[in-house]
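> below is the sequence, then the predicted model.
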Amino acid sequence: MKRMTPKNIFYPGVLALGICVIFAQQATPDILADFSNAWNNFVSSGQLVAMIIGMALGYLIRMFTSY
C-alpha cells in the first residue's frame, strides 16, 4: 500500500483521479434490527407466500417430469 504523504493527499495524480481520505466516519450498525426490518418487509410484501408457492410448484413439476 502506498504511504500517505501530503503530496498524495492533495495532488490529484494521473488523469485527475485523486486519493480521497476519510478522516472520520461515524456509524451505528445494528445488524439484528436491519435483519428484522428486512424479514418483516419480506413477509408483509407477500414474497414469503410467493416463495413457498414457487417451491411447491417447482417440486411438483420436478416430480412429474423426472423418471
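That came in fine, so what should we check first?

> where does this protein dip in pLDDT?
Low-confidence segments of the chain (pLDDT under 70): 1-24.

> go with 90
Along the chain, the model assigns pLDDT under 90 to residues 1-30, 66-67.

> and the strands in it?
For the chain, no strands are identified by DSSP state E.

> now the helices for it?
Using DSSP state H, the helices of the chain run over 6-10, 31-44, 47-65.

> with just CA atoms, put stretch 55-64 into PDB.
Provided in PDB are the C-alpha atoms of stretch 55-64 (Å, rounded to 0.1, in the frame of the first residue of the first chain):
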ATOM      1  CA  MET A  55     -41.100 -24.100  -4.300                       C
ATOM      2  CA  ALA A  56     -44.200 -26.300  -4.100                       C
ATOM      3  CA  LEU A  57     -44.900 -25.900  -7.800                       C
ATOM      4  CA  GLY A  58     -41.300 -26.400  -8.700                       C
ATOM      5  CA  TYR A  59     -41.200 -29.600  -6.600                       C
ATOM      6  CA  LEU A  60     -44.400 -30.900  -8.300                       C
ATOM      7  CA  ILE A  61     -43.100 -30.100 -11.800                       C
ATOM      8  CA  ARG A  62     -39.900 -31.900 -10.900                       C
ATOM      9  CA  MET A  63     -41.800 -35.000  -9.700                       C
ATOM     10  CA  PHE A  64     -43.900 -35.200 -12.900                       C
END
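
> so can I have TSV of the helices of the chain showing mean neighbour count and distance to residue 25?
No exception for glycine: its C-beta is placed from N, CA and C like everyone else's. Output for the helices of the chain, formatted as TSV (neighbours: other CB atoms under 10 Å; distance: least, CB to CB, whole Å):
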stretch	mean neighbour count	distance to residue 25
helix 6-10	10	17
helix 31-44	10	17
helix 47-65	10	33
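
> what is the burial count for residue 67?
2 (other CB atoms under 10 Å).

> all further residue positions should be reported with the first residue as 713.
Got it, first residue is 713 now, which makes that one residue 779.

> any idea how far it is from residue 745?
Counting by CB to CB, to the nearest Å, the gap from residue 779 to residue 745 is 48 Å.

> same check on residue 758?
Separation of residue 758 from residue 745 (CB to CB): 22 Å.
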